[in-house]
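[1] what's the 3D shape of this:
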Amino acid sequence: MVHIHHRGEAAVPIEFAFEYMSDFDHLKDWLYGLQNAKLVGDVPHKQVGATYEGAARIGATLKAKVRITEIEQNRFLATESVSGFSFQSRWEFQELGPERGALIVDVDYQLPGGLAGRALGAAIEPFVAIAIRHTESKLRHALEERYRMRDAAV
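    Have a look, this model is predicted:
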């Protein structure tokens, strides 16, 4: 198992960040390599059990069906894959001030065993650090830009 831990900050309230990030329609705007993600099944967006199918290109194309396993408004969102590429993620939001928040991300993923697993690991490993930096930068920019636009429209 591989564990990734990352922390970033943005100049937006955590309520705004949570609302934007928990809407999976926005994932493609900021999640590195995401090619598609769509809601499948009967459970609506932003609820435990909501399931999405998607694919991301991170050195190799990784497909997965992902389910929300935990969600608490403005605090955290957790997911796990139910098929395809095996991983779990937890996105935690911390208030740092009235218009500043931190996002702490923990991702665990498992590669298949044998030659296939080693080949996949070799293909994606160089891209993981790039993907994390890119995702944080794109997400921070998207959040701060949307927050500024919202304030300008008021």
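[2] quick one: the strands in this protein?
    Per DSSP state E, the chain carries strands over the ranges 2-10, 34-40, 51-57, 61-72, 76-84, 86-97, 100-110.
[3] okay, these in CSV with mean pLDDT, distance to Arg146 and mean neighbour count next?
    Where C-beta positions appear, they are placed from N, C-alpha and C, glycine not excepted. CSV is the format used below for the strands of the chain (pLDDT from 0 to 100; distance: least, C-beta to C-beta, whole Å; neighbours: other C-beta atoms under 10 Å):
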stretch, mean pLDDT, distance to Arg146, mean neighbour count
strand 2-10, 89, 10, 14
strand 34-40, 94, 18, 14
strand 51-57, 94, 22, 18
strand 61-72, 95, 21, 17
strand 76-84, 96, 18, 17
strand 86-97, 94, 16, 16
strand 100-110, 91, 14, 17
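[4] Make CSV out of these and add distance to Arg150.
    Shown next, in CSV, are the strands of the chain (distance: least, C-beta to C-beta, whole Å):
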stretch, distance to Arg150
strand 2-10, 14
strand 34-40, 24
strand 51-57, 26
strand 61-72, 23
strand 76-84, 21
strand 86-97, 18
strand 100-110, 15
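[5] I'd like to know how far the residue nearest to the spatial centre of the chain sits from Ala123.
    Per C-alpha atoms, centre = their mean, the C-alpha nearest to the average position across the chain is that of Leu31, at 6.2 Å. Separation of Leu31 from Ala123 (C-beta to C-beta, to the nearest Å) stands at 19 Å.
[6] now do Val12
    Applying C-beta to C-beta to Val12 and Ala123 gives a distance of 35 Å.
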